[in-house]
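J.: A predicted structure for the sequence below; I have some questions about it.
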Amino acid sequence: MTDFIRLKKGDLEIQILTPHSPIYNRTRFNHAGFIPSIQYKGVQFAEPEQRDPSRQTSGGAGLCSQFFFTEAEQQAKEGEAFLRMGIGVMTREKELIHFMRDAAFDPLQILMDVGDDSVLFTTTSPEVNGYAYDEVRLVELSGNSLRISVSQTNRGKKPISTTEYNHNFVSLGGLPIGPDYHLELPYCRDVDRMKEGCGLVQDGQGVSWAKAPERPFYCEFHDIAPSAPYAWKLTNKKSKASMMEVIDFVPEHITVWGVEHCACAEVFAPFSVEPMQTARWTRKWFFEA
């Protein structure tokens, strides 16, 4: 089996890792819909999480999602199996498993239906200690946009309450992070209340960088406006390229992480699903160059 699915629509082309590719065989990011390469009009937007081989990395790249769901692991006793959403069935250790290190897992069943400009991932989990789910994740291209639509059904006996957040390890054509970049965050009402030393500075209704970062930067925004549209946009004074993410849900919160070569705006989608109920959400990215 090939390691990549290639989708192309006009000037937009992406590569998606196949779910069981050895290129990513770790326990942080969802194995369905991992997109490490995005090109629009020849401009590359996706970046690896780290370029410096001396730094620790969790293996992220481009667009990759993650579920923040520790209840199943916390409820399992040491040595018992638990369900890790997006990954598979794992064994509870004495301490909670940290996302930065490798751990053994039995992968979920993930089926693919691949078209020229879309791919449908269907994930089915076993029931483990009362938790089970089905996920249908559609990745599709249209014009200058990439959309990911998710439908998740709780097939277990216990409610599932979690958040999904999508990492955006990106730059605009490889331009290093610095004062020329601007990240517009129009629905974050607390950009004027950032923690000192977080590496970001307020820039209108958004953030920028006073200088090129010398170490990873990180900031959280929790004061979210109560009305849509919810969208962030990354621009650079030295480039015509830009990138914007639009979502159809009210974010729980937003974090901004990055290093010298990439900025990563992470929008958290909260959902609670009772047994036999379904949650749905959509993210859509627009690219200009």
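T.: Yep, it's here.

J.: The stretch 51-200 of the chain: strands as residue ranges?
T.: For the stretch 51-200 of the chain, the strands defined by DSSP state E, counting those that start in this stretch occupy 62-68, 81-84, 88-91, 106-107, 109-114, 118-124, 133-142, 145-154, 160-169, 181-184.

J.: Minimum distance to Phe287: which of these has it?
T.: For the strands of the stretch 51-200 of the chain, proximity to Phe287 was assessed by CB to CB; strand 145-154 is nearest, at 7.4 Å. Every residue, glycine included, has its C-beta placed from N, CA and C.

J.: Pull up the pairing partners for the closest one, direction included.
T.: If you go by DSSP bridges, strand 145-154 pairs up with strand 133-142 (antiparallel), strand 278-288 (antiparallel).

J.: OK, contacts around Asp102?
T.: By CB atoms under 8 Å, 6 or more residues apart in numbering, the residues touching Asp102 are Arg26, Thr27.

J.: tell me the pLDDT at it?
T.: Note for Asp102: predicted pLDDT of 82.

J.: where's it relative to Phe34, distance?
T.: 16 Å (CB to CB, to the nearest Å).

J.: Point out where the stretch 151-289 of the chain drops to low pLDDT.
T.: Across the stretch 151-289 of the chain, nothing is flagged by pLDDT under 70.

J.: contacting residues for the most centrally placed residue in the chain?
T.: Nearest to the geometric centre of the chain sits Asn166, at 1.8 Å (CA atoms, centre = their mean). By CB under 8 Å, 6+ apart, the residues touching Asn166 are Leu63, Cys64, Ser65, Gln66, Ile148, Glu245, Glu266, Val267, Arg283.

J.: wait, what's in contact with the third one?
T.: Listed by CB under 8 Å, 6+ apart, the contact set of Ser65 reads Phe29, Asn30, Gly33, Gly86, Ile148, Glu164, Tyr165, Asn166, His167.

J.: what pairs with the closest residue to the fifth one other than its chain neighbours across the strands?
T.: Spatially, and ignoring its direct neighbours in sequence, Ile148 is nearest to Arg283 (5.0 Å; CB to CB, 6 or more residues apart in numbering). In this structure, Arg283 has the following beta-bridge partners (DSSP bridges): Ile148, Ile247.

J.: so Arg283 touches Ser145, yeah?
T.: No - the criterion here is CB atoms under 8 Å, and Arg283 misses it with Ser145 at 10.6 Å.

J.: Mind checking the strands paired with strand 145-154 for the one nearest to Ser227?
T.: strand 278-288 (17.2 Å).

J.: got the buried residues for that closest one?
T.: Ala279, Trp281, Arg283, Lys284, Trp285, Phe286, Phe287, Glu288 (16 or more other CB atoms under 10 Å).

J.: and the angle for it with strand 160-169?
T.: 10 degrees (axes from the mean of the first three to the mean of the last three CA atoms, to 10 degrees).

J.: from now on call the first residue 420
T.: Shifting the count to begin at 420 puts that one at strand 697-707.

J.: outside of strand 697-707, which residues touch it?
T.: Counting by CB under 8 Å, 6+ apart, 431, 457, 459, 462, 464, 482, 563-573, 583, 585, 659-668, 686, 688, 690-692 sit against strand 697-707.

J.: Please write out the alpha-carbon positions of it in PDB.
T.: Provided in PDB are the C-alpha atoms of strand 697-707 (Å, rounded to 0.1, in the frame of the first residue of the first chain):
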ATOM      1  CA  THR A 697     -23.900  11.800  16.700                       C
ATOM      2  CA  ALA A 698     -21.800  14.900  16.800                       C
ATOM      3  CA  ARG A 699     -20.900  16.800  13.600                       C
ATOM      4  CA  TRP A 700     -18.500  19.700  12.800                       C
ATOM      5  CA  THR A 701     -16.700  21.200   9.800                       C
ATOM      6  CA  ARG A 702     -13.400  23.000   9.300                       C
ATOM      7  CA  LYS A 703     -12.600  24.800   6.000                       C
ATOM      8  CA  TRP A 704      -9.300  26.300   4.900                       C
ATOM      9  CA  PHE A 705      -8.800  28.900   2.200                       C
ATOM     10  CA  PHE A 706      -5.500  29.500   0.500                       C
ATOM     11  CA  GLU A 707      -4.300  32.500  -1.600                       C
END
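
J.: I appreciate the help and will end here.
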